[in-house]
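Colleague: after the sequence you'll find the predicted model.
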Amino acid sequence: MLRPVALLLLLLAPLSASAVETMRIAMGDAQGEVRVSGQGLAFGSDTEDARFSALGQDAVVVKRRGAKLELNGAPVIGAAVRFRAGPDMEDAGVPGSAPLRAGDMQVRGDVVVRLYKDGLQLINVIPLEDYLAAVLGGEMPVSFPPEALKAQAVAARTYALQKKLEAYGAPFYVGSSVLHQVYGGVNREDARTRVAVEATRGEVLTYDLAPIEAYFHASCGGRTETGWDALQRDLPYLQAVDCPCGRLPASRWSATVSEAELRAALGQSSEGFRVTSRTATHRVNRVAAAGGASVDGVTLRRKLGYTKLKSLDFDAERAGGVWRFTGRGYGHGAGLCQWGAKALADQGRTYRDILQHYYPGTELQQLY
């Protein structure tokens with residue numbers, strides 16, 4: 001049963017009926033200049049109540065000149081400038097739906113170009129629900145069942161809002177890479193992702209009336225990992241739970257690692273390489289070699305590459321001068337398992353059922 005959220009969540013709510021919940025997403029950096037384009041381009045200051053002035057053109061080049069910004073060669077007051085597409089947008093009070101292109105990304109909402117280090121930084125200020133439609137297209141196959149997509153929409157919304165609370169007042173709240181949530185802009189939207197987002201509009205997961213850290217991953221291999229063992233996050237709703245993805249071919253993988261690669265990861269010879277400790281879900285905690293080198297599993301995976309060592313639930317053996325790793329799952333294993341969500345949806349489970357399974361003890365609440 002959905003019920004009103006606590007004061008902490010209400011602090012995130014719009015201040016007026018015409019406002020919308022927005023996110024600030026770091027799109028990437030540029031060296032000395034960047035081209036911004038969009039229909040009916042206008043610009044203003046980087047504030048929520050900024051007044052926008054039409055540029056009379058659909059493209060502009062922003063350059064850094066020392067510690068100042070220039071638009072098509074004309075100086076700009078301040079360390080940042082914000083762009084918006086579409087006519088009469090300053091009267092609407094919200095970012096427009098017409099897309100903008102900045103650098104190599106096309107996005108909805110506004111684009112901020114700000115001085116950053118020795119170059120420029122691009123930030124997308126976008127309505128949360130528009131952001132989620134693109135996130136779903138980057139994080140989960142759009143061919144997955146509707147209930148799985150809805151579960152992912154709620155998890156992604158909750159994750160975004162928790163990060164916004166954590167970084168409130170900062171120039172941006174999250175990035176656009178796998179380090180946060182994969183966000184590819186307009187190109188990753190799909191009619192099915194928009195349906196899933198709209199069907200769950202404003203719904204978030206909470207624990208003790210605060211938005212949870214709604215971590216998710218591709219596949220757990222049959223059992224999710226605790227938040228502490230996966231992420232050093234000792235959170236009561238990130239528990240190890242059984243998952244139907246373990247029976248799916250997508251959960252199995254293998255990789256060949258050369259002696260040189262393993263030596264580089266260990267910092268010494270790979271002779272005598274072995275697993276020295278595992279978590280309760282069989283994931284590798286620590287490995288060692290005969291020379292005394294010992295590294296934790298997370299470091300080993302990072303050094304060998306996340307796409308090669310897809311998870312820490314693996315076994316390894318030496319074969320013909322190389323090391324062969326065989327494993328289960330893809331990702332850190334904590335929270336929502338995306339392939340498990342698909343399997344549960346195929347069994348007729350609703351998105352609410354799926355969320356309760358992977359985030360036990362949480363509540364589904366309506367933020368707006």
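Modeller: Done, it's in.
Colleague: where in the stretch 201-350 of the chain is pLDDT low?
Modeller: Residues of the stretch 201-350 of the chain meeting the criterion pLDDT under 70: none.
Colleague: just the strands in it please.
Modeller: Ranges of strands in the stretch 201-350 of the chain, per DSSP state E, counting those that start in this stretch, are 203-207, 210-211, 216-217, 252-258, 274-278, 284-288, 294-296, 314-319, 322-328, 336-337.
Colleague: JSON lines for the ones you listed, including distance to residue 55 and mean neighbour count?
Modeller: Just so you know, the C-beta spots here come from the backbone N, C-alpha and C atoms, and that holds for glycine as well. As requested, these are arranged in JSON lines below (distance: least, C-beta to C-beta, whole Å; neighbours: other C-beta atoms under 10 Å):
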{"stretch": "strand 203-207", "distance to residue 55": "37", "mean neighbour count": "22"}
{"stretch": "strand 210-211", "distance to residue 55": "38", "mean neighbour count": "20"}
{"stretch": "strand 216-217", "distance to residue 55": "40", "mean neighbour count": "22"}
{"stretch": "strand 252-258", "distance to residue 55": "50", "mean neighbour count": "15"}
{"stretch": "strand 274-278", "distance to residue 55": "59", "mean neighbour count": "13"}
{"stretch": "strand 284-288", "distance to residue 55": "55", "mean neighbour count": "18"}
{"stretch": "strand 294-296", "distance to residue 55": "52", "mean neighbour count": "15"}
{"stretch": "strand 314-319", "distance to residue 55": "54", "mean neighbour count": "14"}
{"stretch": "strand 322-328", "distance to residue 55": "53", "mean neighbour count": "18"}
{"stretch": "strand 336-337", "distance to residue 55": "43", "mean neighbour count": "30"}
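Colleague: got the buried residues for whichever strand or helix holds residue 164?
Modeller: Counting by DSSP states H and E, the element that carries residue 164 is helix 146-167. Buried positions in helix 146-167, judged by neighbour count with 16 or more other C-beta atoms under 10 Å: 147-164.
Colleague: before we move on, back to that, can you redo the strands of the stretch 201-350 of the chain as a markdown table with distance to residue 28?
Modeller: Output for the strands of the stretch 201-350 of the chain, formatted as a markdown table (distance: least, C-beta to C-beta, whole Å):
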| stretch | distance to residue 28 |
| --- | --- |
| strand 203-207 | 28 |
| strand 210-211 | 26 |
| strand 216-217 | 23 |
| strand 252-258 | 29 |
| strand 274-278 | 38 |
| strand 284-288 | 33 |
| strand 294-296 | 30 |
| strand 314-319 | 33 |
| strand 322-328 | 32 |
| strand 336-337 | 27 |
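Colleague: quick one, phi psi at the closest residue to residue 306 other than its chain neighbours?
Modeller: Spatial nearest neighbour of residue 306, excluding adjacent residues (C-beta to C-beta, 6 or more residues apart in numbering): residue 178 at 7.8 Å. Torsion angles at residue 178 (phi, psi; degrees, to the nearest 10) stand at phi -60, psi -10.
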